[in-house]
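In: pasting the sequence and the predicted model now:
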Amino acid sequence: MPKLDLAAASWTDVRDHVAAGNTLAFLPFGALEQHGPHLPLSTDTIQCVGVAEALAEHYSGLLLPAVPYGETWDNGRFPGTISLSASTVSAICRDIGASAQSFGVTTLVIVNGDFGNRAPVHAAAREMSIGGFDVFVLDYPGLVEVGDAVKESPWAAPGLCHADELETSMVLALEPSLVHPDRYEASYPELPADFGRRPIRFDTLSPSGVFGDPRPATAAKGETIIAFVVERSVDEIDAHLGAIGATDAALGEAAGPTSTSEQQGAS
């Protein structure tokens, strides 16, 4: 059975999909933030949607419409960037999760597309999981590994992907018409020693908003990157679902068989 895209589905389609046992849902959580002069503001959303679509197809899951805004304060001084507060990001996750659970979703996988979302998305996932709803977050597993394999340009900082060769390649693979090769420029700002550990506005580091070199980017590299991230994501989801299943089975065994009176109700 193929994935079900909720943006194009009717309520009866959702009912039937869930009734058939397809209760895994995917939520792409993106951002609207600057990615240099050559990439669209929607870069993070485009990328996480591409990963989420592939995962939903793999699992015959439910694909939820993307959240196109995120917590992106660090890019806030670039025109067009729209940033949510961390508390709003967490609240959106919780509200979407509660609604999804209400119509039969058993596991919500949040495909996070932006570094700024990590803390609030993980906080919301933890809160929902404690409350009894299984929520799992993916932060592009394997991205640095595949980046090391395909990159021809150096990292601006270890693992930092922002308007560089990797992100440009992914958008070329997913939405090539939105990329402007004539605007490519390399930028390797001098980063403070505590970069990534405290809030720093990106415009104070890179006036163009680029961290790295987009010029070696290709769609073929983008396809390789996305395929590798999807493969690693499948590994993580399978491991998570396996652990959940093992825990449920152990709890069932610990509870032991119910008595006849318990099965029929106390008299």
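Out: Now that the structure is in, tell me what you want to look at.
In: can we go C-alpha only for contacts and neighbour counts from here?
Out: Will do.
In: and S187, backbone torsions?
Out: In terms of degrees, to the nearest 10, the main-chain angles of S187 are phi -150, psi 120.
In: what's the neighbour count on it?
Out: 20 (other Cα atoms under 10 Å).
In: report all helices and strands that the helix or strand V229 falls within contacts.
Out: According to DSSP states H and E, V229 maps onto helix 219-255. Judged by 3 or more Cα pairs under 8 Å, 6 or more residues apart in numbering; DSSP states H and E, helix 219-255 is in contact with helix 43-59, helix 143-150, helix 165-174.
In: what's the spacing between F29 and T107?
Out: Distance from F29 to T107, counting by Cα to Cα, to the nearest Å: 16 Å.
In: compare those two (neighbour count), which wins?
Out: Shown here are F29 and T107; by other Cα under 10 Å, F29 has more neighbours (29 against 19).
In: now stretch 127-144: buried residues?
Out: Residues of stretch 127-144 classed as buried by neighbour count (16 or more other Cα atoms under 10 Å): 127-128, 133-144.
In: can you give me phi and psi for L62?
Out: phi -100, psi 130.
In: burial count for it?
Out: Look at L62: counted by other Cα under 10 Å, it has 29 neighbours.
In: nearest spatial neighbour of it, chain-adjacent residues omitted?
Out: Spatial nearest neighbour of L62, excluding adjacent residues (Cα to Cα, 6 or more residues apart in numbering): A25 at 4.4 Å.
In: am I right that the one you found falls within a helix?
Out: No. A25: not assigned to a helix; according to DSSP: H, G, I helix; E, B strand; the rest coil it is strand.
In: who are the neighbours in contact with it?
Out: By Cα atoms under 8 Å, 6 or more residues apart in numbering, A25 lies in contact with A56, G61, L62, L63, L64, A100, V105, T107, L108, V109.
In: which two from the residues you listed end up farthest apart in space?
Out: The largest separation in the contacts of A25, counting by Cα to Cα, is between A56 and A100 at 14.9 Å.
In: pretty sure Y184 contacts H38?
Out: Yes. Y184 is in contact with H38 according to Cα atoms under 8 Å; the separation is 6.0 Å.
In: quick one on the thing from earlier: tell me what the residue nearest to L62 is bridged to.
Out: Listed by DSSP bridges, the beta-bridge partners for A25 are L62, L108.
In: what's the pLDDT at it?
Out: Note for A25: predicted pLDDT of 98.
In: show me what counts as buried in the helix holding V229.
Out: 219, 221-234, 236-237.
In: can you report how many residues lie near A9?
Out: Count around A9 with other Cα under 10 Å applied: 11.
In: can you pull out the helices in the stretch 51-200 of the chain?
Out: Ranges of helices in the stretch 51-200 of the chain, per DSSP state H, counting those that start in this stretch, are 86-102, 118-130, 143-150, 165-174.
In: out of those, deepest packed?
Out: Among the helices of the stretch 51-200 of the chain, ranked by average contacts under mean count of other Cα atoms under 10 Å, first place goes to helix 165-174 (a mean of 26).
In: packing partners for that one?
Out: Using 3+ Cα pairs under 8 Å, 6+ apart: helix 165-174 touches helix 43-59, helix 219-255.
In: quick check: which of those is nearest to L174?
Out: The nearest among the helices and strands packed on helix 165-174, by Cα to Cα, is helix 43-59 at 7.0 Å.
In: and that closest one with helix 165-174, angle?
Out: For helix 43-59 against helix 165-174, the angle by axes from the mean of the first three to the mean of the last three Cα atoms, to 10 degrees is 60 degrees.
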